[in-house]
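K.L.:
any chance you can model this:
(one chain, ligands or ions: 2)
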Amino acid sequence: MLKTLLETPAEYLKGIGPQRALWLRAEYGIKNYEDLLSFYPRRYIDRSRFYRISELSAAQAEVQVTGRITFAEMVHRNKRKRLVAQLEDQSGKIDLIWFQKADIIERWLPRDLPVVVFGRLSFFQGHPQMTHPEIEPLEHYHSCTPMPLQPVWTISELLQKKGIHQSFFIKTFRELLRLFKGRIHEIFPENIMINCGLISREEAFYQIYFPESLGKLSKAQYRLKFEELFFLQLALLMRRYHHKKIHSGYPFTNVGSYLQRFYRECLPFSLTQAQKRVLKEIRHDLGQNVQMNRLLQGDVGSGKTLVALMAMLIALDNGFQASLMAPTEILAAQHYQMLSGLLSPLGIIVAFLTGSTSRTDRRQLHYGLREGRILILVGTHALIEDEVVFKNLGLAVIDEQHRFGVIQRARLWKKNERPPHILLMTATPIPRTLSMTLYGDLDVSIIDELPPGRKAIKTLHRYEHARLEVFGFIRDQIAHGRQVYIVYPLIEESEKVDYKNLMEGYESISRAFPLPEYRIGILHGKMSSVEKSAEMNRFIKGETQIMVSTTVIEVGVDVQNATVMLIENAELFGLSQLHQLRGRVGRGARQSYCLLMSDEKISNEARARIEVICRSNNGFEIAEEDLRLRGPGDLMGTKQSGLLDLRIANIFKDSCVLGKAREQVMILTREDPELLASNHHKILEMFQKKYREKLSWGKIG
Ligand code: ADP
Ligand code: MG
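P.N.:
Ligands and ions are numbered 1, 2, ... in the order given. Predicted coordinates:
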């Protein structure tokens, strides 16, 4: 395509002009011809079809009928007048009404000859009517071959007020396409065109605006969606390619004594097949001369921590240090206890760092890290601070990675001259469509198996009136030596209000479960970290049987004896949060329960979420449902990924096209990663243009 033509400001197009150009820019960000070219219609009205009046129903929006005007009359009421006419076909009658320009229309209205009427249908007292329909003689209609599928654009309120209607866009795009005739060149090489059954670029642009038939429209949509997703995938895979080219890693070729001794002497159970497979993938990565950037996905309780630990031992065996960062102090503390417990027989020194580590401890810790005496550092985001300097950090693990911002993660990269290998872990599974896009530049490992002996958690929804029964059940579990979590939601953004909610809940729980028989702990965001870990430890040791908490326990907490998770106001939680919270129980061999309390009156969406959670224990399934219920717009990370800039494709609905585009991009980048071949020249050009600004997207990892 001609560059200058594409870059011509929109105002120069016949029919637009400076004023309308300003509006288009303000409302849709359209600056030039190129922006206009991808301002696709939102939908199409099928004008190839005529309805019989008797067929019309409230379910239809815009319809087209033919018949004769049998009657028309000007009606005056309250100083306002309107024109009411009646159209008849063999099957029935419909009212046509005009409020504006009624006089002119009355004079012009073709009576007693066949006409085509098109407009938005409504019903008044069971009778069909149209307000301000389009109307023209049937003869005329046939002679000028109207559009079989009429494009409809989204017209903002402002533009409507300014008198811009569909007809403006129709004229504009006719003119635009006339200008571009013969100037829209193909960008894909022949093999891609053939493999994917694509129509030409030029044809696609014609058919997307003025489709000749439904079949041609769908081919045009396919072509343009494919193209859009192709470039999205290309951006992701190119980034991965360049990443690997630029960032050579430390090759960990030794499988040394730490890992072997741990495996033989310290491993408390045998690994699941999935853990073994994933560990192998990680070992393979670490052995290469390339920095690892791997995402480990595994449902709650699938045993990711152990995999991380063993990966860290590989780093240690090669003379490097390792770190593990967790999003909350509670979780970090728990990791620290587990790691130091398991690794002390091997004489490995593990240190713990959070925001509340004292100054003196910190000084010692900094020294130990720089010296290389401390081999593993566990902590919260405190460990990415600049004063924390390692002798040689070889592997950085980030648990529950979605809780960290891109910038925080990127800072880990800078801990060495060469960036350390990065292992990201998440229990919030990412639906396949998203993992191909959002995380398309990471390597992904999946643990799809739970350790043996786990019983599926039973999840039940209960209303307030069943509270006594629910409490009875909890007493029974406690009588059998089990422990219970009771979680209150974050209702307001204000900590004060939430705190009050939690405290009220705590009081009513204390009345229902009185001392001395029952001991209750409490956890919330306002407590100091010392208080928090003291409370958590009492629960871990079994000194308290009930833990009343806000969502601070959402991630990671692992107390195998806890078998009941009671969630108050479950209707206020999102799906992945419910799944995470539920994952706090069912971590041992005992039957566990998740009880969702809610009001009787809850929204349909909330009901849908609760139904999904009650039905499924599978994190991947839940994630897909979550995406379906919420749409990708709300998902973490979608903003920076460019997924929301898509003009025609929808990564959720068009996952098939996405898969196809990804496949082609993989073939292309494998054969010609720099896009140097002459038949890839157009792709390169387009790519550079499209992603010039975006290539610096925040690094993940
Ligand atoms: P998550 O993947 O949710 O982080 P964890 O790593 O916390 O899961 O592991 C959950 C629980 O399962 C822990 O108590 C852990 O000790 C245990 N576990 C991990 N791997 C195995 C295994 N192979 N066999 C039995 N239990 C295991
Ligand atoms: Mg975990």
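
K.L.:
what's the following helix or strand after the strand or helix carrying residue 323?
P.N.:
Using DSSP states H and E, residue 323 sits within strand 321-325. Sequence order places helix 329-343 as the next helix or strand after strand 321-325, per DSSP H and E.

K.L.:
pairing partners for the strand holding residue 323, with directions?
P.N.:
strand 376-379 (parallel), strand 393-398 (parallel) (DSSP bridges).

K.L.:
contacting residues around that strand?
P.N.:
Here strand 321-325 makes contact (CB atoms under 8 Å, 6 or more residues apart in numbering) with 308, 311-312, 315-316, 332, 335, 339, 369, 372, 374-381, 383-384, 390-399, 404, 412, 420. C-betas here are computed from N, CA, C, even on glycine.

K.L.:
name the residue of the stretch 401-550 of the chain that lies nearest to ligand 1.
P.N.:
Distances between the stretch 401-550 of the chain and ligand 1 by CB to the nearest ligand atom are smallest at residue 451, namely 3.3 Å.

K.L.:
sorry, slip of the keys, the one I care about is the chain.
P.N.:
residue 303 (2.8 Å).

K.L.:
am I right that the residue of the stretch 401-550 of the chain closest to ligand 1 is in contact with residue 270?
P.N.:
No. With contact defined as CB atoms under 8 Å, residue 451 does not count as touching residue 270 (9.3 Å).

K.L.:
so residue 265 sits against residue 345, correct?
P.N.:
Yes. Here residue 265 reaches residue 345: they are 6.7 Å apart, a contact under CB under 8 Å.

K.L.:
ok, back up a step: so what angle separates the directions of the strand holding residue 323 and helix 329-343?
P.N.:
Counting by axes from the mean of the first three to the mean of the last three CA atoms, to 10 degrees, strand 321-325 points 150 degrees away from the direction of helix 329-343.

K.L.:
off-centre distance for strand 321-325?
P.N.:
Here the centre of strand 321-325 is set off from its chain's centre by 28 Å, with CA atoms, centre = their mean, to the nearest Å.

K.L.:
cool, stretch 272-290 as well?
P.N.:
With CA atoms, centre = their mean, you get 27 Å for stretch 272-290.

K.L.:
quick check, it touching ligand 1?
P.N.:
Yes. Among the residues of stretch 272-290, 272, 275 lie within reach of ligand 1 under CB under 6 Å from any ligand atom.

K.L.:
can you confirm residue 121 is in a helix?
P.N.:
No. Residue 121: not assigned to a helix; according to DSSP: H, G, I helix; E, B strand; the rest coil it is strand.

K.L.:
tally of neighbours for it?
P.N.:
For residue 121, the neighbour count with other CB atoms under 10 Å is 20.

K.L.:
the nearest residue to residue 392 once chain neighbours are set aside: what's it in contact with?
P.N.:
Nearest residue to residue 392 in three dimensions, chain neighbours excluded: residue 320, at 5.2 Å (CB to CB, 6 or more residues apart in numbering). The contact partners of residue 320, by CB under 8 Å, 6+ apart, come to 250, 252, 392, 393, 394, 395, 420.

K.L.:
what's the pLDDT at residue 320?
P.N.:
As predicted, residue 320 sits at a pLDDT of 96.

K.L.:
thinking again about what came up before, right, and the strands paired with strand 321-325 - which one's nearest residue 656?
P.N.:
Closest approach to residue 656 among the strands paired with strand 321-325 (CB to CB): strand 393-398, 32.5 Å.

K.L.:
rebuild the strands paired with strand 321-325 as JSON lines, extending it with mean neighbour count, mean pLDDT and distance to residue 466.
P.N.:
Conversion of these to JSON lines gives the following (neighbours: other CB atoms under 10 Å; pLDDT from 0 to 100; distance: least, CB to CB, whole Å):
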{"stretch": "strand 376-379", "mean neighbour count": "26", "mean pLDDT": "97", "distance to residue 466": "42"}
{"stretch": "strand 393-398", "mean neighbour count": "27", "mean pLDDT": "95", "distance to residue 466": "41"}
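
K.L.:
now stretch 377-390, how far from the chain's geometric center?
P.N.:
30 Å.

K.L.:
wait, does that stretch make contact with ligand 1?
P.N.:
No. With CB under 6 Å from any ligand atom as the criterion, ligand 1 is not reached by stretch 377-390; the gap is at least 13.7 Å.

K.L.:
buried set for that stretch?
P.N.:
Within stretch 377-390, the residues that count as buried by 16 or more other CB atoms under 10 Å are 377, 378, 379, 380, 381, 382, 383, 384, 388, 390.

K.L.:
and the third one, bridged to which residues?
P.N.:
When bridges are taken as DSSP bridges, the partners of residue 379 come out as residue 325, residue 353.

K.L.:
which SSE is the closest residue to residue 512 other than its chain neighbours in?
P.N.:
Nearest-residue entry for residue 512: residue 471, 5.3 Å, with adjacent residues in sequence omitted and distances by CB to CB, 6+ apart. Here residue 471, judged by DSSP H and E, is contained in helix 467-479.

K.L.:
tell me which other helices or strands that helix touches.
P.N.:
strand 483-487, strand 562-567, strand 593-598 (3 or more CB pairs under 8 Å, 6 or more residues apart in numbering; DSSP states H and E).

K.L.:
now with 6 Å, please.
P.N.:
strand 562-567 (3 or more CB pairs under 6 Å, 6 or more residues apart in numbering; DSSP states H and E).

K.L.:
any residue of the next helix or strand after the strand it packs on touching ligand 1?
P.N.:
Sequence order places helix 575-582 as the next helix or strand after strand 562-567, per DSSP H and E. No. For helix 575-582, no contact with ligand 1 is found by CB under 6 Å from any ligand atom; the gap never falls below 9.3 Å.

K.L.:
which residues sit against helix 575-582?
P.N.:
428, 457, 487, 554, 565, 567, 594, 609, 613, 619, 622, 626 (CB atoms under 6 Å, 6 or more residues apart in numbering).

K.L.:
and which of these is nearest to residue 509?
P.N.:
residue 487 (11.5 Å).

K.L.:
number of residues surrounding that closest one?
P.N.:
When neighbours are counted by other CB under 10 Å, residue 487 comes out with 26.

K.L.:
my guess is it contacts residue 566, does it?
P.N.:
No. Shown here, residue 487 and residue 566 do not form a contact pair, counting by CB atoms under 6 Å, at 7.1 Å.

K.L.:
how about the residue in the chain sticking out farthest from the centre: what's its closest non-neighbour residue?
P.N.:
Most distant residue from the mean C-alpha position of the chain: residue 112, 57.3 Å away (CA atoms, centre = their mean). Spatial nearest neighbour of residue 112, excluding adjacent residues (CB to CB, 6+ apart): residue 68 at 5.9 Å.

K.L.:
pull out the buried residues from the helix or strand harbouring the one you found.
P.N.:
Using DSSP H and E, residue 68 sits within strand 62-77. Buried residues in strand 62-77, counted by 16+ other CB under 10 Å: 62, 63, 64, 65, 66, 67, 68, 69, 72.

K.L.:
list the contacts for residue 172?
P.N.:
residue 15.

K.L.:
contact residues of the stretch 551-700 of the chain facing ligand 1?
P.N.:
Going by CB under 6 Å from any ligand atom, the residues of the stretch 551-700 of the chain near ligand 1 are 558, 560, 587.

K.L.:
pretty sure the second one belongs to a strand, no?
P.N.:
No. When three-state DSSP is applied, residue 560 is found to be coil, with no strand at that position.

K.L.:
right, and it touches residue 586 too?
P.N.:
No. The criterion here is CB under 6 Å, and residue 560 misses it with residue 586 at 9.4 Å.

K.L.:
have a look at these two and say which one is more surrounded.
P.N.:
residue 586 (25 against 15).

K.L.:
among the contacts of helix 575-582, which one sits closest to residue 208?
P.N.:
The closest of the contacts of helix 575-582, once distances to residue 208 are taken by CB to CB, is residue 626, at 31.5 Å.
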